[in-house]
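J.: the following block contains a protein sequence and its predicted model.
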Amino acid sequence: MFKVTVDKEKCAGCGECVDVCPVDVYELVDGKAEPVNADDCLGCESCVEVCENGAITVEEI
């Protein structure tokens, strides 16, 4: 299981994480990425890699 966090201060709302996530963890809510399906996270960290602002963290719990 993984904990997915998005730093709203750093998130630019580009949607790259939404596009790259294989299990649709993210949606854009009010122009910011929101991990609405965080329980589905596979821990692949594709979202972390594409986030140019370093707004996303994925931690194993």
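T.: Ah, there it is.

J.: quick one: end-to-end length of stretch 4-22, please.
T.: End-to-end distance for stretch 4-22, by C-alpha to C-alpha, to the nearest Å: 14 Å.

J.: please apply the same query to stretch 32-44.
T.: The first and last residues of stretch 32-44 sit 21 Å apart, counting by C-alpha to C-alpha.

J.: swap in stretch 25-32?
T.: End-to-end distance (C-alpha to C-alpha), stretch 25-32: 13 Å.

J.: and for stretch 31-44?
T.: Span of stretch 31-44 from end to end, C-alpha to C-alpha: 24 Å.

J.: and that stretch, what's buried?
T.: Of all the residues in stretch 31-44, those buried under the rule 16 or more other C-beta atoms under 10 Å are 32-35, 38, 41. No exception for glycine: its C-beta is placed from N, CA and C like everyone else's.

J.: can you list contacts of it?
T.: Here stretch 31-44 makes contact (C-beta atoms under 8 Å, 6 or more residues apart in numbering) with 1-6, 8, 11, 13, 15, 17-18, 22-29, 55-56, 58, 60.

J.: again, only using 10 Å
T.: Residues from elsewhere that reach stretch 31-44 (C-beta atoms under 10 Å, 6 or more residues apart in numbering): 1-18, 20-29, 47, 51, 55-56, 58-60.
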